[in-house]
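Engineer: The following comprises the amino acid sequence and a computationally predicted model.
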Amino acid sequence: MRNTKIIFLREYLERVRTKAFIITTLLTPLIFAVILGLPILLATRGGNQSQKVVVAQAAGQTSVVPLLRSRLERRPQSPRPDLQRNTGISIPGFEFQPVEVAAGHESETRERLISEVRAGRLDGCLWLEGDPTAGGRIEYNGRNVTDMIALRTLEQAVSSAVVQLRLVSRGVPADDVERLVKPVQMRTVRVIDKGVREERGITFIVSFFFLMVLYMTLMLYGVAVMRSVIEEKTSRVFEVLLSSVKPMELLAGKILGVAAVGLTQYAVWILMALVAGGGMIGSLRTQMGEINVPGSLLFYFALFFLLGYLLYSTMFAALGAVVNSEQEAQQLQMTVMWFLIIPMLVAQLVIRAPNSTAAVVLSLIPFFTPMLMFLRINLITPPAWQVALSIALLLATNFAVLWLSARIYRVGILMYGKRPTLPELVRWVRAA
């Protein structure tokens, strides 16, 4: 135990004193703030420039331009104030210009309008082929078709305008149509243990944030353990250390030391968030509603971080013991990395249906549990037996992986030259 403590302090102090630790500790919150805050800022502040769009219809048909203008054209006040107020997203403005297409001149007119768009004099051309109230084809030609907010807004406005024309053509009074086709505003209210709370996406943001933190820290600290093993192995420091320290003591001290470094970074980040995060949190509350991170969520985050870190760090330590250089480690580390990547790939499935059979099964697989079970707890608290079972399976897997990794580590740290094959690793594990 005394030797483990010495190794632990050595690993911890060596890392927290480095410039890399100080820089990453200070810059990581800034990077996350940019990743999470910049899209929200751009969504809430963007869309101030109106788009010039021509609406081409056959001559003699009822024009949809007045209806589109009433819905989307830029005015001194923001268009669709209800939508902007509920989502926080700045809805793009449009300036519509009608164009009547004479019979027999469709191709010529279309090419001319597309040329105008290509030359930059127009942002887009909305082409209505046939009678839109009778199912005619509607097509948008634009220079920029990657702005999903603008395109979706335009599509909804066109659909609403066509529905209004259909109702008028069937005898519905024009004064009643606007009221009949008015969109319904639906509040999103989350049912929680202590009551209900209005929510506008904050659960997704919090879940995504914690999931990314878990993913990044489990990966970075696991790789840090592996590199530490490789560095000491290639410098032959192990040969000196093992004269007075048992392999298991060395492995335990190294893993615990790096874990303490990670917890230190978390403590600094939490302190920074409390001191400097008030402005950003206030902005998020304005846009997304009340932000509430319960203490139980922080408890589960710390629990799954520690258990996940112990699991992956022992695997990375064993990997570092069997390779002879950083290049070999980079070739083999994907065998461990995939256990971290797969939960990220299936996270969307869990977010959409946290209590589905697939989500439950995946979250109970110990290698995926630290991220997926924590994600489920944040979204919809699973039954207590599922949480308890996942923790029990994760603990059992930790012990099994620690036992295997310790045996591989004990032999591998003194092996140089040729990388061991799978049968040789099996013999290392079986060795007394």
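Structural biologist: Ah, there it is.
Engineer: And the strands in the stretch 151-300 of the chain, which stretches?
Structural biologist: 189-192, 195-198 (DSSP state E, counting those that start in this stretch).
Engineer: Out of those, which gets the lowest mean score?
Structural biologist: For the strands of the stretch 151-300 of the chain, the bottom mean pLDDT is recorded on strand 195-198, which sits at a mean of 55.
Engineer: pLDDT weak spots in the chain?
Structural biologist: Scanning the chain for pLDDT under 70 picks out the ranges 1, 32-33, 35-49, 73-92, 183, 186-204, 236-243, 276-294, 416-417, 432.
Engineer: Please spell out which residues along the lengthiest helix in the chain are buried.
Structural biologist: Counting by DSSP state H, the longest helix found in the chain is helix 202-234. For helix 202-234, a neighbour-count test (16 or more other Cβ atoms under 10 Å) marks 202-203, 205-208, 210-215, 217-219, 221-226, 228-230, 232-233 as buried. Every residue, glycine included, has its C-beta placed from N, CA and C.
Engineer: Stretch 17-35 too?
Structural biologist: 21, 25, 28, 29, 32.
Engineer: For that stretch, which outside residues touch it?
Structural biologist: With contact meaning Cβ atoms under 8 Å, 6 or more residues apart in numbering, stretch 17-35 is reached by 15, 209, 212, 213, 261, 265, 268, 269, 272, 273, 280.
Engineer: hmm, which of those residues are the buried ones?
Structural biologist: Among the contacts of stretch 17-35, those scoring as buried are 15, 212, 213, 261, 265, 268, 269 (criterion: 16+ other Cβ under 10 Å).
Engineer: Could you save these as a markdown table and add columns showing distance to residue 328?
Structural biologist: Converted to a markdown table, those look like this (distance: Cβ to Cβ, whole Å):
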| residue | distance to residue 328 |
| --- | --- |
| 15 | 23 |
| 212 | 29 |
| 213 | 29 |
| 261 | 25 |
| 265 | 28 |
| 268 | 34 |
| 269 | 33 |
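Engineer: Now for those: which two are most distant?
Structural biologist: 15 and 212 (22.1 Å; Cβ to Cβ).
Engineer: what's near enough to touch the closest residue in space to residue 252 that isn't next to it in sequence?
Structural biologist: What sits nearest to residue 252 in space, not counting adjacent residues and going by Cβ to Cβ, 6 or more residues apart in numbering, is residue 4, at 4.9 Å. By Cβ under 8 Å, 6+ apart, the contact list for residue 4 reads 249, 252, 253, 256.
Engineer: and residue 4, helix, strand or coil?
Structural biologist: helix (DSSP: H, G, I helix; E, B strand; the rest coil).
Engineer: now it: how far from residue 247?
Structural biologist: In this view, residue 4 and residue 247 are 11 Å apart by Cβ to Cβ, to the nearest Å.
Engineer: Next up, identify which helix or strand residue 127 is on.
Structural biologist: strand 124-129 (DSSP states H and E).
Engineer: Redo the buried residues of stretch 17-35 as a markdown table? Include distance to residue 299 and secondary structure.
Structural biologist: Below are those laid out as a markdown table (distance: Cβ to Cβ, whole Å; DSSP: H, G, I helix; E, B strand; the rest coil):
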| residue | distance to residue 299 | secondary structure |
| --- | --- | --- |
| 21 | 26 | helix |
| 25 | 23 | helix |
| 28 | 22 | helix |
| 29 | 21 | helix |
| 32 | 21 | helix |
